[in-house]
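Q: Below is the structure, and that's it, no one-letter string:
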Ligand code: NAP
Ligand code: GDD
């Protein structure tokens, strides 16, 4: 049997883990790209490292030669680009690096596909951050982009250059426009992981306090395991295209905190407002406070996705509820003690 070959840029990240697991189950040979790091970058994917259908290569999206050489030697059927400097807040501190990876890196992959083999299918990991400041109460593939960060701006370039290469060179190049998706394997400095990890530790006497930024932005949160299935389906269509992937439900950061507290049976009472807002536990101890340092120079206040195109064409919808996602994240955190 001839197995399909996929390259995953960003294999060491949250989605890289879930997509690798998914494609290995589908009998793919998966070639993951990791970059050089002073610490072990393959913690999430350690369970795949000894599997014969999983190969790992050194590469970096800022190194065009590495991208070209890997694609030329692997001869993949599909390329999934999940690699990015993916933290919106950090993109204000490292805007040029963010643009080099998230925008120019994508162009480098597309150029390699154009020159090596135009039959390779390409997936680009686009984001709801591209909508940015929007008046639309629910965002679809037709909603205008108005990014509010170097991260979002670079992703708009990546989205549009992917469309350009699709139209100009007839390459099967598709964009996902994924809303926030989380899991136990989420990076530590994203808000859901930070909240779940901190509150679980506070409940068990292993941490004193959780300090957050803006409590009132709204996000549409799904589970990464559901979302990589959509990513796969996007590349299995007859025609390339762009797809919003979301749950259609949203809540504030504060509501996420309250849900998590309820699940771990931690009683919270909120007091104050603005930068002086805080929450106390049953004994009156302050366990949550707000600090300006976690605010961004610009905020995206409201994201809620309309995934009806994905439902109609991909036959995809989010299956895992937010409560079940939080429960899974809490259980994972408890096992880390
Ligand atoms: P993540 O956990 O931060 O993973 C990002 C991956 O990109 C990591 O493997 C990282 O490697 C790699 N990477 C960073 N810079 C690189 C470079 N210069 N060269 C090669 N690889 C590099 O992000 P994620 O949550 O899995 O998200 C996957 C993709 O979807 C990202 O492009 C993100 O922007 C996008 N996205 C995510 C969400 C979400 O809610 N999770 C929503 C919409 C879109 P290291 O492990 O070495 O850092
Ligand atoms: N990270 C973080 N840390 N965010 C905080 C904090 C905090 O202490 N306190 C409040 N927030 C707010 C942020 O200001 C933002 O409004 C919201 O929580 C979510 O922040 P993140 O979890 O960092 O995610 P994000 O929405 O900015 O970006 C994620 O989702 C995008 C899709 O919409 C990332 O995964 C991006 O890569 C992805 O494209």
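A: Received, thanks. Given the structure is predicted, the values throughout are model-derived calculations rather than measurements. Ligands and ions are numbered 1, 2, ... in the order given.

Q: how many neighbours does the nearest residue in space to residue 150 that is not next to it in sequence have?
A: Nearest residue to residue 150, sequence neighbours excluded (C-beta to C-beta, 6 or more residues apart in numbering): residue 95, at 3.7 Å. Bear in mind the C-beta positions are built from the backbone N, C-alpha and C, glycine included. Counted with other C-beta atoms under 10 Å, residues neighbouring residue 95 total 16.

Q: my read: residue 95 touches residue 152, true?
A: No - between residue 95 and residue 152 there is no contact under C-beta atoms under 8 Å: 11.3 Å.

Q: where's the residue nearest to residue 150 relative to residue 81, distance?
A: 20 Å (C-beta to C-beta, to the nearest Å).

Q: Name the residue of the stretch 201-337 of the chain that lies nearest to ligand 1.
A: Ranked by C-beta to the nearest ligand atom, the top residue of the stretch 201-337 of the chain for proximity to ligand 1 is residue 224, at 6.5 Å.

Q: and what of the chain?
A: When scored by C-beta to the nearest ligand atom, the chain has residue 13 as its residue closest to ligand 1, at 2.0 Å.

Q: Report the contact partners of residue 250.
A: 218-221, 302-304 (C-beta atoms under 8 Å, 6 or more residues apart in numbering).

Q: Among those, which one is most surrounded by other residues?
A: The residue in the contacts of residue 250 with the most neighbours, by other C-beta under 10 Å, is residue 220 (26 neighbours).

Q: what's the most distant pair in the contacts of residue 250?
A: Greatest spacing in the contacts of residue 250, by C-beta to C-beta: 221 and 302 (13.3 Å).

Q: And the helices in this structure?
A: In the chain, the helices defined using DSSP state H lie at 14-25, 64-74, 88-91, 95-99, 105-116, 150-169, 191-203, 224-235, 253-263, 308-309, 322-335.

Q: Serialize those helices to TSV and add fields for mean pLDDT.
A: What follows is these, written out as TSV (pLDDT from 0 to 100):
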stretch	mean pLDDT
helix 14-25	98
helix 64-74	98
helix 88-91	98
helix 95-99	99
helix 105-116	99
helix 150-169	99
helix 191-203	98
helix 224-235	99
helix 253-263	98
helix 308-309	98
helix 322-335	98
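
Q: The residue nearest to residue 209 when sequence neighbours are not counted and residue 91: what is the separation?
A: For residue 209, ignoring the flanking residues on the chain, the nearest one in space by C-beta to C-beta, 6+ apart is residue 287 at 5.7 Å. Separation of residue 287 from residue 91 (C-beta to C-beta): 30 Å.

Q: Which positions in this structure make contact with ligand 2?
A: Within reach of ligand 2 by C-beta under 6 Å from any ligand atom, the chain has these residues: 86, 88-89, 127-129, 179-180, 189-191, 194, 212-214, 217, 219, 253, 294, 296, 299, 303.

Q: mind redoing it with 8 Å?
A: Contact residues, the chain versus ligand 2 (C-beta under 8 Å from any ligand atom): 84, 86-89, 127-129, 151-152, 155, 178-181, 187, 189-194, 211-215, 217, 219-220, 253, 294-296, 299-301, 303.

Q: Show me which residues of the stretch 101-250 of the chain sit near ligand 1.
A: Neighbours of ligand 1 within the stretch 101-250 of the chain, by C-beta under 8 Å from any ligand atom: 101-102, 105, 125-129, 151, 155, 176-182, 185-187, 190, 224, 227.

Q: Take those and, keeping just the buried ones, write it as a ChimeraX select command.
A: Restricted to buried positions by 16 or more other C-beta atoms under 10 Å, the ChimeraX selection for those reads:
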select :101,102,105,125,126,127,128,129,151,155,176,177,178,179,180,181,182,185,186,190,224,227
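
Q: Of the residues of the stretch 101-250 of the chain next to ligand 1, which belong to strands?
A: 125-127, 176-178, 181-182 (DSSP state E).

Q: These into CSV, with extra columns for pLDDT?
A: As requested, these are exported to CSV (pLDDT from 0 to 100):
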residue, pLDDT
125, 99
126, 99
127, 99
176, 99
177, 99
178, 99
181, 98
182, 99
